[in-house]
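Student: take a look and give me a structure for this.
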Amino acid sequence: TFSCLSVMAASWQWKQPTGAPPALKLSNSLTRTKETFVPQNGNNVRWYSCGPTVYDASHMGHARSYISFDILRRVLQDYFGYTVEYVMNITDLDDKIILKARRKYLLEQYLKSPPPAATALADIAEARERLEQQSKTDPDADKRTLHTNTLAAVDKALATYKALESPDDAALAALLVGVKDPLAVLLDKRLGSTVQDHSIFTALTKQYEREFFDDMRALNVRAPDVLTRVTEYVPPIVKFVEQIIANGYAYASNGSVYFDTTAFQASPNHKYAKLVPEAIGNKAALDEGEGELSSGQQEKRSASDFALWKASKPGEPEWDSPWGKGRPGWHIECSVMASDIIGEVMDIHTGGVDLKFPHHDNEIAQSEAHYGHQQWVNYFLHSGHLMIEGLKMSKSLKNFITIKDALAKYSGRQLRFAFLMHKWEATLDYSTEVMQNAVLKEKFFNEFFLNIKALYQAEGGVFVPISPAERTLLDAFRTAKTNTHAALCDNVDTPVVLLVLHNLVGACNVYIREREHSGALDTMLLYNIATWMTNLFRIFGLIEDSSVIGFPLAKQAQAAEDAIVPELLEFAALRDDIRRTALALKNIAVLKECDRIRDEMLPQHGVRLEDREKGPAIVKLVDKDELMKEKQRERDEKEEKARAKAEAARKKAEADAAKLEQGKTNPLDMFRGRPEYSQFDAEGLPTHTSDGAEVSKSARKKLEKERTVQEKLHQQYLAWVASQGAGAAQ
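Tutor: Residues are numbered from 1 along each chain as shown. As a prediction, the model looks like this:
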C-alpha cells in the first residue's frame, strides 16, 4: 500500500499557472506611441526632469508639469515598486534672468534717487515711445497686445499726473511706479552694460527658487532626490563643449560656440530633431531658444545651429573658457547636469510639451554628439499644455495665474484632483467648470470616507456571514483592483482609475442602503475598501502620510478627533434618545431644537451629525478651513448665478420693451412710411415701388410674412395695453 501511494505521489507534478500580468507602458515622445517600460538596471530607474527658470513667480503651467510628473513618480515608486532616483535642475543663469535682474536693480536705483521732474518726464516719454513702437512691430501677437495694454496704463498714469495743478515729489514717485515696467526696459538699454555685480543676479534667482519650492510643498510635490544648478556646473559645461568640438559637431565663432546641426545631421549615426523633426527651421522657436540677448545669426554657419557657449557682453555674468569670457547656452546645461548625475544614458527624461523643440531636441543632439552614441534617453515623457478657459495663458490676455493665486482659491488637493481627472500627456483646460468638477470629486470621495469612518466608529469592526449582498460588493472590490492595475499599466491613466473608484463607491453606497434596512453591515469589508482607496490616494499625492482612512484633517484637528469623537458619540446617543422620545410624544419644540443642534451649532465647530432611519446618528469631523472655503465658493457661485439671472432678466426686459415699441405700429400702416414704396392695397401692402414698378410676387410674399409678424406683435401690444388698463382700474 505504501509503495503504491509513493508511485501515485511521484506521478504528480506542479503546473506553472498560465497568463502574464499587464506590463507598464508609457507614452514615449521619441516614438509617439506607448512603449513597454524596461529600466536599464533591473528595478532601478534614473530619471531627469527639467526644472524651472527662476526669474518670476511659478504659475499654473509649472503646476501642470510638476504635479503630473510627481504623480508619475509616485506611481512608479510606490505602486509599481521601482527604486527611483529623481534628478531636477534649477536654471539660475539665463537671458530672462539677466534682463529681469538688471532691470529690477536699475529701477530700484532710479526710484531711490529720482531725477528732477522734467528729466523724469523726458525719460518716461522716451520709454513710452519705445513701447508704442513695440506694440506695432513685435512679431509676437500676444506681446503686441501686452505692450498695447501697458501703453494704456502708462497714458493713464501720465494723465493723472498732468491733471494735478502743482504735482509734488509724492505725485512724481507715484507716476514712476505707474510706468515702472517700460521705464526699467529703457534704463536697461542705457545702463545694463554697467551692471557687473553677480550678486544682483543670484539674489533674484535665490528668491524665486525659494518661492518655487514653497509652492511645490503647498502642492505636495515631492522634492527631487538630487538638485543641480547651472551656476554650479560651468567648468563641467566647458569640458563637455570641448568634447563636442573635438568630435566635430561644434565650432567656435567670435568667442561663442555653436552646435553644428548640418554636420550632425550628415552623420550616418545621428539624427537631429528626433522629437519634432517637422519643426526644423522654425525661426520663432529657434530665436526663443537662443534668448533675447543672443548675438544674432551672423555668427552661425546655419540658422538651425544653436549656442553651446555664449560670449558675454558687458553687463552679463561671465566665466573663463578657452574661447574667452562667456556663459553657457540654455540647452547645454541639462545635458551636462543630467549626464553628471545619471550617466551616459537615462531611463526617463521629463518636461513640458512646450520644451520639445528646440530645447529637448537640442539636448538629445548635443549629448549624443558628446558621447558618440544614438540614444541618450530611453523614454522621453512630456506633460500636456495648460489652457486657461480655453485660451493660452498669457499676461497679455490677463489670464496669467500663479500657483499662489490658484491656492488662494482652491486647496492643493483640489488642484491635484483636477490634474488626475486628465491624462498627464493631454491638454488640460484650467477653467471654472474643471475646478468645480474637481471640488465635487473631492467632496464625493470625502463623503464616502466620512461615512465609512463614522460607521466603523459607531458599530466597530464587524464581519458578517457572506450573503449575496456581501458577495456582490466583494466582487466589485476585486474588479476595481483589477481595473485599477490595468489603467495604471496603461500609461498611468488616472482618469480611468478615478472612474473605477467612483463606481466602487457607488457599489458601497448601494450595499449600505440595502443592508441598513435588512441586516447588519460588514463594516470590516467597507473599512478594507476605504483603506485600499486611501492608499491609492496616498500614492497619487492626494493624502500625505497618515494612518487614518480618507482625507486627514489638519494635525491639530486630527489629534482633537481622536480625543473628541468618543464624547461626541456619547452626545449623539443622548440626542438620539431625546429625539426618539420627542417623536413618540410629537413634541415639535424639542425636535426643532435637535435639528438646530445638528444644522447650526455643530457645523460651526467642524462637526457634521447625520440622522439615520435605523441605527445611531453618524458623527463626522470635517476640516473647518476647507468647510469655510467651500461655503465661500457656494456664496460666490450663488452671487454669480444671481448676477447672471439679473443680467438675463435685464436683457429680456429690454427685448420685451423693444417688441412692445415695435408692436405699437398698426400692420395697416407699417409700410406706408417707407420711401421705397409708392402705392398700397386696402390692407396696406405695397403694390408699387417708388419708381412705379409693380412689386414682384416673391417680394410680395416676403412683405406678407413681415406683416404677419407685425400683426402678432401688434396683438401682443394691444393685450399689454389692455392689461395695464385693467391693472389701473383695479
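
Student: dig out what residue 327 forms beta bridges with.
Tutor: residue 310 (DSSP bridges).

Student: hmm, it is touching residue 315, no?
Tutor: No - with contact defined as C-beta atoms under 8 Å, residue 327 does not reach residue 315; the gap is 11.9 Å. (Glycine included, C-beta is placed from N, CA and C.)

Student: which one of these two has more residues nearby?
Tutor: Higher neighbour count among residue 327 and residue 315: residue 327, with 24 against 17, using other C-beta atoms under 10 Å.

Student: the more buried one and residue 204, how far apart?
Tutor: Separation of residue 327 from residue 204 (C-beta to C-beta, to the nearest Å) stands at 16 Å.

Student: same check on residue 113?
Tutor: Distance of residue 113 to residue 204, given as C-beta to C-beta: 21 Å.

Student: residue 549 too?
Tutor: The gap separating residue 549 from residue 204 is 45 Å, by C-beta to C-beta.

Student: between those two, who's got more neighbours?
Tutor: Neighbour count, other C-beta under 10 Å: between residue 549 and residue 204, residue 549 has more, with 24 against 21.

Student: my read: the more buried one touches residue 451, true?
Tutor: No - look at residue 549 against residue 451 with C-beta under 8 Å: they stay out of range, at 10.8 Å.

Student: pull out the buried residues from stretch 392-406.
Tutor: For stretch 392-406, burial by neighbour count (16 or more other C-beta atoms under 10 Å) applies to 393-394, 396, 399-403, 406.

Student: could I get the full set of strands for the stretch 1-150 of the chain?
Tutor: For the stretch 1-150 of the chain, applying DSSP state E, counting those that start in this stretch gives strands covering 25-28, 33-36, 44-49, 83-90.

Student: the third one: how far from the chain's middle?
Tutor: In this case it means strand 44-49. The chain centre lies 24 Å from the centre of strand 44-49; the measure is C-alpha atoms, centre = their mean, to the nearest Å.

Student: now the angle from that strand to strand 83-90?
Tutor: Interaxial angle, strand 44-49 versus strand 83-90 (axes from the mean of the first three to the mean of the last three C-alpha atoms, to 10 degrees): 20 degrees.

Student: longest helix anywhere in the protein?
Tutor: helix 624-663 (DSSP state H).

Student: after that one comes which helix or strand?
Tutor: Past helix 624-663, further along toward the C-terminus, the next helix or strand under DSSP states H and E is strand 677-680.

Student: and that following strand, which strands flank it?
Tutor: The strands beside strand 677-680 in its sheet (DSSP bridges) come out as strand 686-689 (antiparallel).

Student: what about the strand it pairs with, average pLDDT?
Tutor: Average pLDDT, strand 686-689: 92.

Student: next: stretch 352-370.
Tutor: Mean pLDDT, computed over stretch 352-370, is 97.

Student: okay, it in CSV with CA atoms only?
Tutor: The C-alpha coordinates for stretch 352-370 follow below in CSV (Å, rounded to 0.1, in the frame of the first residue of the first chain):
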residue,chain,number,x,y,z
GLY,A,352,6.6,70.3,-20.6
VAL,A,353,5.4,69.7,-24.1
ASP,A,354,6.5,73.3,-25.0
LEU,A,355,10.1,72.3,-24.4
LYS,A,356,10.1,69.5,-27.1
PHE,A,357,11.6,71.8,-29.8
PRO,A,358,14.2,73.2,-29.7
HIS,A,359,15.2,72.6,-26.1
HIS,A,360,14.9,68.8,-25.8
ASP,A,361,15.8,68.1,-29.4
ASN,A,362,19.0,70.1,-28.8
GLU,A,363,19.7,68.4,-25.5
ILE,A,364,19.5,65.0,-27.3
ALA,A,365,21.7,66.1,-30.2
GLN,A,366,24.5,67.6,-28.2
SER,A,367,24.5,64.7,-25.7
GLU,A,368,24.7,62.1,-28.4
ALA,A,369,27.3,64.2,-30.2
HIS,A,370,29.4,64.2,-27.0
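
Student: in that stretch, what's buried?
Tutor: Applying 16+ other C-beta under 10 Å to stretch 352-370 flags 352-353, 355-370 as buried.

Student: residue 439: neighbouring residues, count only.
Tutor: Residue 439 has 19 neighbours, counted by other C-beta under 10 Å.

Student: quick one: residue 146 and residue 394 touch, right?
Tutor: Yes - using C-beta under 8 Å, residue 146 is in contact with residue 394, at 7.5 Å.

Student: okay, now the unreliable bits of the stretch 251-400 of the chain?
Tutor: For the stretch 251-400 of the chain, the stretches with pLDDT under 70 are 295-296, 395-396.

Student: can you give me the strands for it?
Tutor: Using DSSP E, counting those that start in this stretch, the strands of the stretch 251-400 of the chain run over residues 256-259, 306-311, 326-328, 346-352, 377-383, 386-388, 391-392.

Student: can you list the ones you listed in a markdown table and add distance to residue 420?
Tutor: Putting the strands of the stretch 251-400 of the chain into a markdown table (distance: least, C-beta to C-beta, whole Å) gives the following:
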| stretch | distance to residue 420 |
| --- | --- |
| strand 256-259 | 39 |
| strand 306-311 | 36 |
| strand 326-328 | 37 |
| strand 346-352 | 17 |
| strand 377-383 | 13 |
| strand 386-388 | 15 |
| strand 391-392 | 23 |
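
Student: give me the phi and psi for residue 461.
Tutor: The phi and psi torsions at residue 461 (degrees, to the nearest 10) take the values phi -80, psi 110.

Student: wait, isn't it in contact with residue 525?
Tutor: No - using C-beta under 8 Å, residue 461 is not in contact with residue 525, being 10.1 Å away.

Student: who has more neighbours, the two?
Tutor: residue 525 (19 against 11).

Student: quick one: residues contacting that one.
Tutor: Listed by C-beta atoms under 8 Å, 6 or more residues apart in numbering, the contact set of residue 525 reads 463, 470, 473-474, 477.

Student: now residue 389. Nearest residue, chain neighbours left out?
Tutor: residue 431 (4.7 Å; C-beta to C-beta, 6 or more residues apart in numbering).

Student: how about residue 191?
Tutor: Spatial nearest neighbour of residue 191, excluding adjacent residues (C-beta to C-beta, 6+ apart): residue 106 at 5.5 Å.

Student: confidence score at that neighbour?
Tutor: So residue 106 comes in at 97 (pLDDT).

Student: and it, how close does it get to residue 293?
Tutor: Noted for residue 106: a distance of 16 Å to residue 293, by C-beta to C-beta.

Student: who has more neighbours, the two?
Tutor: For residue 106 versus residue 293, neighbours defined as other C-beta under 10 Å are more numerous around residue 106 (23 against 17).

Student: wait, doesn't that one sit right on residue 184?
Tutor: Yes - the criterion here is C-beta under 8 Å, and residue 106 meets it with residue 184 at 6.6 Å.

Student: contacts only, for residue 362.
Tutor: 259, 289, 306, 331 are the contacts of residue 362 under C-beta under 8 Å, 6+ apart.

Student: since that was my last question, I'll sign off now.
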